[in-house]
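Participant: Need coordinates for the below:
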Amino acid sequence: MAPHLRKQLVVVGHGMVGHRFVQAAIERGLTETYDITVLGEEPRAAYDRVALTSFFEVGAEALSYLPTGEYDDPRVTLRLNAAVAAMDATAQTVTLADGDTLRYDELVLATGAAPFVPPVPGKDLGNVFVYRTIEDLEAIREASAGARAGAVIGGGLLGLEAANALHQLGVTTHVVEMAPRLMAVQIDEVGGATLKRHVEDLGLTIHTGVMTELIDGDDDGLVSGIKFKDEETIPIDIVIFSAGIRPRDLIAREAGLGIAERGGVLVDEDCRTSDEHVWAIGECAAPGGRMYGLVAPGYAMAEVVVDQLLGGEGQFLGADMSTKLKLLGVDVASFGDAFATTEDALELVFADAVAGIYKKLVVAENASGGYELLGGILVGDASAYGVLRPMVGSGMELPANPEELILPAGRGGVDSALSGGGLPDTAQICSCNNVTKADIVAAVSDESTLNDGGPCGDAGCVTKCTKAGSTCGSCKVVVKKIVEDHFAATGKVVDKSLCEHFPLTRQELFEVVAIHGYNRFDDIIEGHGRGRGCDICKPAVASVLASLLNHHVLDGSNATLQDTNDAYLANLQKNGTYSVVPRIPGGEITPDKLIVIGQVAKEFGLYTKITGGQRIDLFGARMEDLPTIWKKLVDAGMESGHAYGKSLRTVKSCVGSTWCRYGVQDSVGMAIELELRYRGLRSPHKLKGGVSGCARECAEARSKDFGIIATEKGWNLYVCGNGGAIPSHAQLLAGDLDHATLISYLDRFLMYYIRTADRLQRTSYWMDAIGGLDRIREVVVDDVLGLGAELEAAMDTHVDSYFDEWKATIEDPEKLARFVSFVNAPGTPDPNITFTEERGQIQAANNDGPVSLGATIPVGGPR
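Facilitator: Next comes the predicted model:
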């Protein structure tokens, strides 16, 4: 009997939609019967084109959906740099540009779209670009190095993204739009005018209602200017075309497949082309003759084709074209029937020209005499989008006064961003991934098996299991609210107590200590807790006391609260020794200090390692040697780097304008100033900062809790990023800040975090818990709570009372008494500590037993 041959499925295109198809195919078991070959034309695997502009800040790897370049399922093969030249529907083959031919049983076209470049004279000059791929952005970045000004032709979604990219690169930017307003497809005249004012306030020049007549060039064949019809030429060094897209349907067209009148591969409701074995999804497809230029419809088509290949009945019946974006820092959203084209539709409008806010709801009367939401436009404040968009088409009746949904809370409105509980189960919460409210509730119900066989316990798990909020993120607030409402309705309470000894959160504990003026753990637990404390609450209380009082962590009875690292002002290593990390502010160090570090390392036989935080670690120090090592470093002008504490670690920097030809500000000077200002600042989790001297971001500032990136006008401040096991990129809090404002906002941000974050909560998680970046901006920038002066004063107190813990320890005999291996034999070294040697340096020996803490009788008695 002949062996059963597996079917061959070929996917042409590995963009966002092609990748989503493969993901769905793997997850739903299509690879049980098909071997899948994916042909990607680009040199890299699929990446997030929606966030393409962030490439300048985060790099290509952060955008990648498949950093390893291969899928975990061995039945899926990904081939990059594999352009398809032709297909033969009769022979069921595709031919690659290199001549290779592949046979298929089923073919999925996911070739996407190409930028439209209008036939403007000069379009082929040097430094004329399109805005579509990472390679395009790399070329734009290179050309921007010596550019004075640039022009983006196109004022739609992609055009404004391209303008944002030029603006981030420090190039004076013009936006040219033939229509009478920006984003003419998504927003109306008033919304366009509001958006234009926002963008112009950022320093960009907007030209609407104009037509580009000519792109001038110089003798070297490079762009030198741009001329509008009936106007003078504007000096320009870079031109980016972002005037729309066209479906990439050439191979289908040449193979004789049906093509829509305006381009795109014609497909039916099953996403099947005119050939029964060929399917088309994403921007290259034209269901019913219409092309969809957003990612969400493409994802829906991908799911439909997987379902069809599995024998299902899934169909593509149109898509939600709603959009919510932050363009040049401005929130813009458009959803449903935004232009009130429905018969008898009514418009409710709120406009605040001073605040730069425009909101419009389109409603219609229903059979019961109430009103239903048809669509809307939000510019300047799109916080309500997550709740409003699911109302469209849900049949849900609006409040008696529907204008409350868009009025500010202080002017008769309601906080609609927190009112997702009233949505029907059929409401589509996540349009990108077609997730309904019922899907979200099901994920957290007791019967759910999505989370390793059980229900999800929080919104983060729901996002992971259902994909709701995983693409554009605009629905995350509503997802979280639905989860919380479900838990409340079912009687589930999430216990936020610090531990069994304190029925308080860390934030509540911080307030208790601050209000009552406590300075001892015993007084705090007597007044507000129970028992004797534990390894959770003791270090947490110690951190709160250190933040409020800025005293020495080894003072008095509070010394017994510290964990192992803080207790000895050094990091415990696996063989019982400690590491010593002196502070090197901004990564700048003199040769004399380098020599001292080398001498100390040689004298005490320490292993030396340069860290990613631009300082030097000294490993292998015995506990009894720590004070002597510290003294040698302190005498040379160095101090503790606080590598052992939940506090500021480093502020990393590039060389900036001091040395680099691309630098626009003194990043080293700024990094040193900030590190010296915030050194010793105790916080719920460790803090790291970074300062980059230009948009090239060599200091990786956006991977830090606070990151500063230089601009021609000042500094951009990013907050709430981190590396580690679950990295998160910092987000822009405020831009083009002068020195004083930058320091003010940073003081407020850090103190607000210290006061309100949970125990061991990174700034990225704190941001989500506290209400997102907008809430932080309200408190830090807008000062809506009136706490700005108080937070700044608290930071001034910290700065004024700073002292070096190493120096204070070596000058205090009582504290020095802690640093012995054995209390009953002070001069005896710990015999359990052993080393090996590798590459000319000591290494910690791999002990089979437990790590020695270096004391048979802990200093100060049992703890």
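Participant: where's the residue lying closest to residue 467 once chain neighbours are set aside relative to residue 302, distance?
Facilitator: Once flanking residues are discounted, residue 467 sits nearest to residue 433: 4.1 Å by C-beta to C-beta, 6 or more residues apart in numbering. C-betas here are computed from N, CA, C, even on glycine. Using C-beta to C-beta, to the nearest Å, residue 433 is found at 11 Å from residue 302.
Participant: Next: residue 246.
Facilitator: With distances taken as C-beta to C-beta, residue 246 is found 21 Å from residue 302.
Participant: Mind checking which of those two has more residues around it?
Facilitator: Neighbours were counted for residue 246 and for residue 302 using other C-beta atoms under 10 Å; residue 302 has more, 28 against 16.
Participant: OK, contacts around the more buried one?
Facilitator: 17, 18, 20, 21, 24, 110, 281, 282 (C-beta atoms under 8 Å, 6 or more residues apart in numbering).
Participant: How is it assigned, secondary-structure-wise?
Facilitator: Look at residue 302: counting by DSSP: H, G, I helix; E, B strand; the rest coil, its state is helix.
Participant: and residue 836, what element?
Facilitator: strand 835-838 (DSSP states H and E).
Participant: residues of that strand that come out buried?
Facilitator: Across strand 835-838, burial judged by 16 or more other C-beta atoms under 10 Å covers residue 835.
Participant: do the same with stretch 330-348
Facilitator: Buried, per 16+ other C-beta under 10 Å, within stretch 330-348: 330, 331, 332, 333, 334, 335, 336, 337, 338, 339, 340, 348.
Participant: next one: stretch 248-262
Facilitator: Of the residues in stretch 248-262, 248, 249, 251, 252, 255, 257, 258, 259, 260 count as buried by neighbour count, 16+ other C-beta under 10 Å.
Participant: any idea which of those is closest to residue 500?
Facilitator: Here the nearest of the buried residues of stretch 248-262 to residue 500, counting by C-beta to C-beta, is residue 248; it sits at 61.1 Å.
Participant: Nearest residue to that closest one in space, ignoring adjacent ones along the chain?
Facilitator: With C-beta to C-beta, 6+ apart, the residue lying closest to residue 248 is residue 111, at 4.2 Å.
Participant: Check the gap between the one you found and residue 81 for me.
Facilitator: Residue 111 sits 15 Å away from residue 81, going by C-beta to C-beta.
Participant: Show me which of those two is the more surrounded one.
Facilitator: Each of residue 111 and residue 81 has its neighbours counted (other C-beta under 10 Å); residue 111 has more, 26 against 13.
Participant: Could you confirm the more buried one falls within a helix?
Facilitator: No - counting by three-state DSSP, residue 111 falls outside a helix, being coil.
Participant: List the contacts of it.
Facilitator: By C-beta under 8 Å, 6+ apart, residue 111 lies in contact with 12, 13, 84, 248, 249, 251, 282, 284.
Participant: The same query, at a cut-off of 10 Å, please.
Facilitator: Counting by C-beta atoms under 10 Å, 6 or more residues apart in numbering, residue 111 touches 12-13, 15, 17-18, 39, 41, 84, 247-252, 265, 280-285.
Participant: next one: phi and psi at it?
Facilitator: Main-chain torsions, residue 111, degrees, to the nearest 10: phi -80, psi -10.
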